[in-house]
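Participant: Just a sequence and a predicted model for now, questions to come.
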Amino acid sequence: MPATAISDLIPLSAETKNPHPYQVFGLTGGEQDSQVIVAAIKETIQKLQGAKPDADPAVWKKAAKWVQQSRDILLDPAKKKAL
């Protein structure tokens, strides 16, 4: 099935304009277990990469941008603490 909405690629509603980093990976806000965070990131990235060939390019690019930004925040202890 081709991805035509953000919600087809990552666990966000189509109306989301500025997602919280935890939301991008379907995590509960404030998740502290680094193994859970890394697993959610990997799962989301794999799903996103697998969907790329059939996805609307603009939607895929937006989802990939949010995933990258959120990943950078959650994997950097200083940025995560500031969150």
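Facilitator: Everything's here; your move.

Participant: and Met1, what pLDDT?
Facilitator: If you check Met1, the pLDDT there is 57.

Participant: mind checking how far the closest residue in space to Ser13 that isn't next to it in sequence is from Glu15?
Facilitator: Spatially, and ignoring its direct neighbours in sequence, Ser13 is nearest to Ser7 (5.9 Å; Cβ to Cβ, 6 or more residues apart in numbering). All C-beta spots, glycine's among them, are computed from the backbone N, C-alpha and C. Ser7 sits 9 Å away from Glu15, going by Cβ to Cβ, to the nearest Å.

Participant: And these two? Which one has more around it.
Facilitator: For Ser7 versus Glu15, neighbours defined as other Cβ atoms under 10 Å are more numerous around Ser7 (15 against 7).

Participant: Do I have it right that that one meets Ala14?
Facilitator: Yes: with contact defined as Cβ atoms under 8 Å, Ser7 counts as touching Ala14 (5.4 Å).

Participant: Now Pro19: which helix or strand?
Facilitator: Secondary structure from DSSP states H and E places Pro19 outside every helix and strand.

Participant: residues near it, how many?
Facilitator: By other Cβ under 10 Å, neighbour count at Pro19 equals 19.

Participant: All set now, cheers.
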